[in-house]
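K.L.:
Build me a structure from this.
(4 chains)
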2 protein chains.
Amino acid sequence: MREVAALAGVSLKTVSRVVNDESGVSPEVRGRVTAAVRRLDYRPNLAASNLRRTGARTGLVGALVQDVSNAFSAGLLRSLEDAARSRHTAVLAASLDEAADREQEIVHDLVTRRVDGLVLMPATERQDYLQAELRAGTPVVFVDRAPSGVAGDAVTVDNALGARKAVEHLFDRGHTRVAGLFHLARVPTARDRFAGYGSAHAERGVGVDPRLVVLGLSSAEEAERAVHGLLDLDDPPTAVFAGRNILTEGAVRALRDRGLQHTVALVGFDDFPLADLLDPGISVVRQDVGRIGAVVAERLFARIDGDPEPPVHLVVDTEVVPRGSGEIRPAG
Amino acid sequence: MREVAALAGVSLKTVSRVVNDESGVSPEVRGRVTAAVRRLDYRPNLAASNLRRTGARTGLVGALVQDVSNAFSAGLLRSLEDAARSRHTAVLAASLDEAADREQEIVHDLVTRRVDGLVLMPATERQDYLQAELRAGTPVVFVDRAPSGVAGDAVTVDNALGARKAVEHLFDRGHTRVAGLFHLARVPTARDRFAGYGSAHAERGVGVDPRLVVLGLSSAEEAERAVHGLLDLDDPPTAVFAGRNILTEGAVRALRDRGLQHTVALVGFDDFPLADLLDPGISVVRQDVGRIGAVVAERLFARIDGDPEPPVHLVVDTEVVPRGSGEIRPAG
DNA sequence: CTACGTCCTGACAACGTTGTCACGTGAGGT
DNA sequence: ACCTCACGTGACAACGTTGTCAGGACGTAG
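P.N.:
Numbers count the residues shown, from 1 in each chain, chains lettered A, B, ... in the order given. Here you go, the predicted structure:
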């Protein structure tokens, strides 16, 4: 900037005025300055500018998701990005891989970078460690899982309701032996979906057969093995509810292996790409990622703009998408 | 920081020393300062710190990809993120959606933010506009498409070779009428893949039937319609090469519609999730995203560290992944 | 007792920018 | 001829931090 000022024969302040399109600069001087700017390839230093401006925004938000390369996280990121762009804000994306220590580390780093806000898909069980940041005024919006140990806006689906809908969908088609595959019990979404699975049973007066429930599955392979185990039972399930998309994948493989994909019904939680291209198409409970992202963005930017209301927990609808696998009726 | 200094009864500089773990502070003072830091929830301001430090890094790199929510871009982002984390660097992710103006806008924004480097999957045909940034010393690594109009490191696959391998794979199984579906002709990767399709024909002494070639497809729907058109020919193709993953998807739908998925062979360029779960599994030419990302990161950080060598173009291998659809033999 | 080195600590300037205010000029009104 | 006022411009300080250097306290050797 100093060089630009020298070349244009004006003061620093005038260059600043021109660069920021402020009024009160004669056309002639403005011309000289822009020419100098162009000639010297001058780029303003946003960091310095933010430093000086009072209460300035960095125009940076952090998005801490489970894994930027999985479809749900990536979709969320994308819709957040779109909202951010219109606010001239860039998105710092980070993957947590369910690692609690990494979550804290990255949050700390992002706060040091003075992000204007954070979107967090927590990997931790409790987020007490955020107390200080929140007090310091960095808005945080939780997504996918509600916060625990701190207050903050949250955007989730009603996992229990979604799971209940899925299981009812199967009951409605005549199934009574519906297996349930779930993630680690310490993960709140898994607990909620399991609860929904249970309440669907309760509502219909069907007892839950504990042998049909498998908890603690964290990979497609584990789900695949689990389904093989279920099918080996004397009284095997006629339908399967998979509580997470990678578990659905494992279930598809196991059913396919045994040639039962058109015999045993399957509904998964979470949509995945090309689910409709499989044979049969895989019925799922869909979370509308685009909508979730949009709601998250709306909350985040409202907070950044100073919305003082108490934290809210917004619930986005889920919907059963029938594609074939969930509409298979029990044999006989 | 001033408050911390006051509370601890020391000077600013001493606080700085403690915060940055510099030597030469007595344990007692260090204790007082850390206590004050904790009490006041003090967070150092990274921007100010970078401003002062000479030639400091911002620890920020930009990744401009086609769309953070598509599998290829997201995978790349992820592997870049992993490399960046070990360098204590955060990744700013942005989607370009093949929009040239957005590309320039975002590059400009990121340069203003003083990113240490950029990874660019270009949406523009020429990147002359980057000349100034490159001269200013911001390293840029191109990925997926080589740069044009500027010099810079590039990491791509050999698209022509990959396409040739795919078509040869089909020739080897007895096909002679292999249709080719391609993206917009202005996109270099599409041109290269089309060239590879042609050279496979030339090498085997098979003439390219222009009626079997469809250029300019940019969505799954267009590809689906195109394949229907091809199948309506008097002398329809016995195999299809789809030059891009969304075109593969369209081809699968069209073949499925006609019940020809086990009759007409199909090889796609670019792998996609669950390709092996389809029936038949879809054979593809795979680009190793993880490897591409790792190579990109290696180049980028080498440049950031001052590697002065002339730009290089690194080529990552592709590999035909047989899954069933590409191994179907022609009827008769 | 002096000289000198080591160890801690702080004052000050600087990083690149912008908010504040004051200055000089010329136009318009009396 | 004088005053006022708008306008364009620049000097200066400040944002939060760190590099440089100087200074004080203390210990040790001559």
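
K.L.:
my read is A:L76 is in a strand, agree?
P.N.:
No. Under DSSP: H, G, I helix; E, B strand; the rest coil, A:L76 falls outside any strand and is assigned helix.

K.L.:
I'd like to know how far it sits from DNA strand D.
P.N.:
Separation of A:L76 from DNA strand D (CB to the nearest atom of the strand, to the nearest Å): 31 Å. Heads up, the C-betas are built off the backbone N, CA and C, glycines and all.

K.L.:
And for A:V312?
P.N.:
As for A:V312, its distance to DNA strand D is 31 Å (criterion: CB to the nearest atom of the strand).

K.L.:
Isn't that residue up against A:V155?
P.N.:
No. In this structure, A:V312 is not within contact of A:V155 by CB atoms under 8 Å, at 9.1 Å.

K.L.:
overlap in contacts of these two?
P.N.:
Common neighbours of A:V312 and A:V155, using CB atoms under 8 Å, 6 or more residues apart in numbering or on different chains, are A:R299.

K.L.:
ok, these two, which is more surrounded?
P.N.:
Of the pair A:V312 and A:V155, A:V155 is the one with more neighbours under other CB atoms under 10 Å in any protein chain shown, namely 26 against 13.

K.L.:
what about the helix or strand of chain A with the lowest mean pLDDT and DNA strand D, any contact?
P.N.:
Every helix and strand of chain A was ranked by mean pLDDT, DSSP states H and E. The lowest is helix A:131-136, at a mean of 83. No. Helix A:131-136 stays clear of DNA strand D (CB under 7 Å from any atom of the strand), getting no nearer than 12.1 Å.

K.L.:
where does A:V61 land in three-state SS?
P.N.:
Here A:V61 is recorded as strand under three-state DSSP.

K.L.:
what sits opposite it in the beta ladder?
P.N.:
Beta-bridge partners recorded for A:V61 (DSSP bridges): A:V91, A:G117.

K.L.:
Might you report the residue contacts of it?
P.N.:
A:80, A:84, A:89-92, A:115-119, A:300, A:304.

K.L.:
switch to 10 Å and redo it
P.N.:
A:V61 sits next to A:80-81, A:83-84, A:87, A:89-93, A:110, A:115-119, A:138-139, A:141, A:297, A:300-301, A:304 when contact means CB atoms under 10 Å, 6 or more residues apart in numbering or on different chains.

K.L.:
Also A:R191?
P.N.:
Neighbouring residues of A:R191 by CB under 10 Å, 6+ apart: A:N159, A:A160, A:F182, A:H183, A:L184, A:A185, A:L215.

K.L.:
For it, give its distance to A:H88.
P.N.:
Per CB to CB, to the nearest Å, A:R191 is found 40 Å from A:H88.

K.L.:
what about the helices in chain A?
P.N.:
Counting by DSSP state H, chain A has helices at residues A:2-8, A:12-19, A:27-40, A:46-52, A:71-85, A:100-112, A:131-136, A:159-172, A:188-204, A:220-231, A:245-257, A:289-304.

K.L.:
pLDDT weak spots in the stretch 51-200 of chain A?
P.N.:
Counting by pLDDT under 70, the stretch 51-200 of chain A shows low-confidence ranges at A:54-55.

K.L.:
how close does the closest residue to A:R177 other than its chain neighbours get to A:G306?
P.N.:
The shortest distance from A:R177 to any non-neighbouring residue, by CB to CB, 6 or more residues apart in numbering or on different chains, is to A:P237 (4.6 Å). Per CB to CB, A:P237 is found 52 Å from A:G306.

K.L.:
These two: who's more crowded?
P.N.:
Between A:P237 and A:G306, counted using other CB under 10 Å, A:P237 has the larger neighbour count: 23 against 8.

K.L.:
and the more buried one, what are its phi and psi?
P.N.:
phi -70, psi 150 (degrees, to the nearest 10).

K.L.:
my guess is it meets A:A226, correct?
P.N.:
No. Between A:P237 and A:A226 there is no contact under CB atoms under 10 Å: 11.2 Å.

K.L.:
list residues touching both of those two?
P.N.:
A:A179.

K.L.:
Tally up the residues packed near the closest residue to A:S199 other than its chain neighbours, please.
P.N.:
Using CB to CB, 6+ apart and skipping the chain neighbours, the partner closest in space to A:S199 is A:R164 (5.3 Å). By other CB under 10 Å, 23 other residues sit near A:R164.

K.L.:
didn't A:R164 look like it was pressed against A:G196?
P.N.:
Yes. Counting by CB under 10 Å, A:R164 touches A:G196, with 4.0 Å between them.

K.L.:
How is chain A divided into domains?
P.N.:
If you go by automatic domain parsing, the domain ranges for chain A are A:2-44, A:60-158+A:289-317, A:159-287+A:320-327.

K.L.:
wait, which of those is closest to DNA strand C?
P.N.:
domain A:2-44 (3.1 Å; CB to the nearest atom of the strand).

K.L.:
Can you give me the end-to-end span of the closest one?
P.N.:
Across its full length, domain A:2-44 reaches 11 Å between end residues, using CA to CA, to the nearest Å.
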